[in-house]
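A.B. asks: Got a predicted structure here, sequence first:
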Amino acid sequence: MAETPKLQTHIEMKHVQPPHPRFSAELTAEELLREQRIPFPFFRPLSQRKENTWVISLFVILHLIAFAATMIVNDCWGNSHAQCALKQLGRFSFQPLSENPLLGPSSSALDTVGALRLRYLVKDHQLWRIFTSPCLHAGVFHLLINIISVVFVGLHMEQEFGPLRTGVIYILSALTGSSVAALFVQDRSSVASSGALFGLLGAMISGLIWNWKFYTKKLAAIMVLLTILTSNAILGLMPYVNNFSNIGGFISGFLAGFVLLFKPQVGLGYPAKGGIFDYNVKRPLKLKQKLDKPVLRSVSLVIFTLIFAGVVVAVVEGVNVNRYCSWCRYIDCVPIKWWSCSDKTVMCETRVNLEQLTLTCSNNGNFRVLPFTNISQGRIHDLCDLICS
């Protein structure tokens, strides 16, 4: 029987070299991003270079120092005779939650270190408070939420657009927010530190709109931004936190973002730990790239200048918008059973009997007996507000 020949199939395997992406420091963002779109900054790993984070780090340190100084001035252990929350902290202990639901200093302590208040801004013309209130926080809860949000948003923004632009937007938003807050200020203490955070959020939104076709994960970025905005806006409805500074800061940051930000400039790419490319600026941007879309930049600059100038003039002239808007106060503070948002002037009758001090509210007849008599006038006003509310 004849042997059947074996069929052999020879398959030649050729290794096809994948095309290399072009990486050139001379490419503009549009040219390179046509080959590789990049995720929104929130979804890219942060660079470890210290020079990319120094501005936000500096602002965070200044806020921590300001809060520590506020608590030293507050001195609950001495001024409130140990009627404090977390007494173990001694001088750094906090006012009771019934007085400050954000676990922080008293109203008189905030007034001393530079918080906004109608009687000081309009009657005493202490305009320097516009510069101090953006540095103050109403309590530990306010400090933690604000600092965490600033670090998360600010570090990504600083590494995406640089420390100079981030710092300018932060400062402009803080001052604009504090100035807007001064127009709606009531006769109760309030701080404006969240205005700078809302400015960063507004700038990130304008940056997202500016580079819409270049970023991926845009929907997720919008959800993150809205979550931070909402949580901090709700916090602004509590006592001592001025929500109008948040509104002013957001508008300022949004407009300043269109003026100062630019398309992401990418240089030589290399794989990051997460498998995506880390896009860093390798060479300075050309002037033409910095000033793209000049009409939009010019219009945004004009609008921002007019708003800022108008607000400053109104503050200097002592304008109080609450006279023309009776419901605006509910944007800033919503009264519930745990706290009061009243700014009415209250009076208390004081009576000393042996080693006791009795405070009686002239408005509603409520009273409180204190087992001591050596108490400051500022502390009497704090307790009077609490009794009458």
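C.D. replies: That came through fine. Residues are numbered from 1 along each chain as shown.
A.B. asks: where do the strands sit along this structure?
C.D. replies: Shown for the chain, the strands assigned by DSSP state E span residues 38-39, 215-216, 348-353, 356-361, 367-370.
A.B. asks: Extract the residue ranges of the stretch 1-150 of the chain that are flagged as low pLDDT.
C.D. replies: 1-37, 39, 42-43, 46-52 (pLDDT under 70).
A.B. asks: about what we covered before: ok, of the strands of the chain, where does mean pLDDT dip lowest?
C.D. replies: Lowest mean pLDDT of the strands of the chain: strand 38-39, a mean of 69.
A.B. asks: which residues touch Leu89?
C.D. replies: Listed by CB atoms under 8 Å, 6 or more residues apart in numbering, Leu89 has no contact partners. All C-beta spots, glycine's among them, are computed from the backbone N, C-alpha and C.
A.B. asks: Quickly compare the strands of the chain and say which is most buried.
C.D. replies: strand 38-39 (a mean of 20; mean count of other CB atoms under 10 Å).
A.B. asks: and the residue nearest to Leu164 when sequence neighbours are not counted, how many neighbours?
C.D. replies: Of all residues not flanking Leu164 in the chain, Val55 sits nearest, at 8.0 Å (CB to CB, 6 or more residues apart in numbering). As a burial measure, Val55 scores 22 neighbours (other CB atoms under 10 Å).
A.B. asks: what about the stretch 201-350 of the chain, any weak spots by pLDDT?
C.D. replies: Using pLDDT under 70, the flagged stretches of the stretch 201-350 of the chain are 263-292.
A.B. asks: One more pass at 50, please.
C.D. replies: Residues of the stretch 201-350 of the chain that meet the criterion pLDDT under 50 lie in 266-285, 287.
A.B. asks: Going along the chain, name the helices of it.
C.D. replies: 218-235, 243-260, 287-290, 294-316, 329-332 (DSSP state H, counting those that start in this stretch).
A.B. asks: got those as a markdown table, with distance to Thr166 and mean neighbour count columns?
C.D. replies: Formatted as a markdown table, the helices of the stretch 201-350 of the chain follow (distance: least, CB to CB, whole Å; neighbours: other CB atoms under 10 Å):
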| stretch | distance to Thr166 | mean neighbour count |
| --- | --- | --- |
| helix 218-235 | 16 | 15 |
| helix 243-260 | 9 | 27 |
| helix 287-290 | 15 | 11 |
| helix 294-316 | 17 | 14 |
| helix 329-332 | 28 | 18 |
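A.B. asks: quick one, which of those is nearest to Ser193?
C.D. replies: helix 243-260 (7.9 Å; CB to CB).
A.B. asks: can you tell me which residue is nearest the centre of the chain?
C.D. replies: Leu197 (2.1 Å; CA atoms, centre = their mean).
A.B. asks: right, and that one touches Ser149 too?
C.D. replies: Yes: with contact defined as CB atoms under 8 Å, Leu197 and Ser149 form a contacting pair (5.4 Å).
A.B. asks: Overlap of the contact sets of those two?
C.D. replies: Jointly contacting Leu197 and Ser149 under the rule CB under 8 Å, 6+ apart are 228, 232.
A.B. asks: roughly how far apart are the residue nearest to Leu164 and Gln159?
C.D. replies: Distance of Val55 to Gln159, computed by CB to CB, to the nearest Å: 11 Å.
A.B. asks: okay, the helices of the stretch 201-350 of the chain in a markdown table with distance to Leu121 next?
C.D. replies: As requested, those are arranged in a markdown table below (distance: least, CB to CB, whole Å):
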| stretch | distance to Leu121 |
| --- | --- |
| helix 218-235 | 23 |
| helix 243-260 | 13 |
| helix 287-290 | 39 |
| helix 294-316 | 8 |
| helix 329-332 | 15 |
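A.B. asks: Out of those helices, which gets nearest to Ser133?
C.D. replies: helix 243-260 (7.7 Å).
A.B. asks: residues of stretch 204-217 that come out buried?
C.D. replies: By neighbour count on 16 or more other CB atoms under 10 Å, the buried set for stretch 204-217 is 204-208, 210-211, 214-215, 217.
A.B. asks: could I get the residues you listed as TSV with distance to Trp339?
C.D. replies: Formatted as TSV, those follow (distance: CB to CB, whole Å):
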residue	distance to Trp339
Met204	32
Ile205	31
Ser206	35
Gly207	37
Leu208	36
Trp210	40
Asn211	42
Phe214	45
Tyr215	41
Lys217	39
